[in-house]
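>>> predicted model follows, preceded by the sequence.
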Amino acid sequence: MVELELDESTVTLNVLGGHRILALRGQLTLDVADIEAITPAEVDLRPPWVRAPGTFFPGVIAAGTYRGKGRKEFWDTTFTGRAIRIDLAGGEYTRLVVDVADPEAELDKLTAAVAA
């Protein structure tokens, strides 16, 4: 699971608990201006096929960095329906798919930050 922190121009994702080990990353920072779209993640959505580095057990967990044709994505989800998908333009990653404690609240918070 990930905890989001927002300030005026950046979003910081803090990876919590043992997922830090599985994702091989503790924190990720991105510019609010790079966010193109924010939606609930589909439960059947799967990461690109090249895991570098990270953990993947089909239907159980995807945590870490994944690469595909022209894509670099960060995932930290257990496929339970509590994930949000953040599509990005520019920056290090093209997409983030992360579990959060309250998806609706985080979607509202991020949408307001992008609109500001």
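Ah, there it is.
>>> residue ranges of the helices in this protein, please?
Counting by DSSP state H, the chain has helices at residues 19-23, 103-115.
>>> list the buried ones in the first one?
By that I understand helix 19-23. Neighbour-count burial for helix 19-23 flags H19, L22, A23 (criterion: 16 or more other C-beta atoms under 10 Å). (Glycine included, C-beta is placed from N, CA and C.)
>>> what's in contact with that helix?
Applying C-beta atoms under 8 Å, 6 or more residues apart in numbering, the contact partners of helix 19-23 are M1, V2, V15, G26, G54, T55, I61, A63, G64, F74, W75, D76.
>>> distance from the chain centre to stretch 43-63, please.
Computed by C-alpha atoms, centre = their mean, to the nearest Å, the chain-centroid distance of stretch 43-63 equals 12 Å.
>>> tell me the mean pLDDT over it?
In this model, stretch 43-63 has an average pLDDT of 90.
>>> touching the worst-scoring helix or strand of the chain on mean pLDDT from outside, list them.
Lowest on mean pLDDT, DSSP states H and E among the helices and strands of the chain sits strand 50-57, with a mean of 90. By C-beta under 8 Å, 6+ apart, the list of residues contacting strand 50-57 from outside reads 22-24, 47, 61-68, 75.
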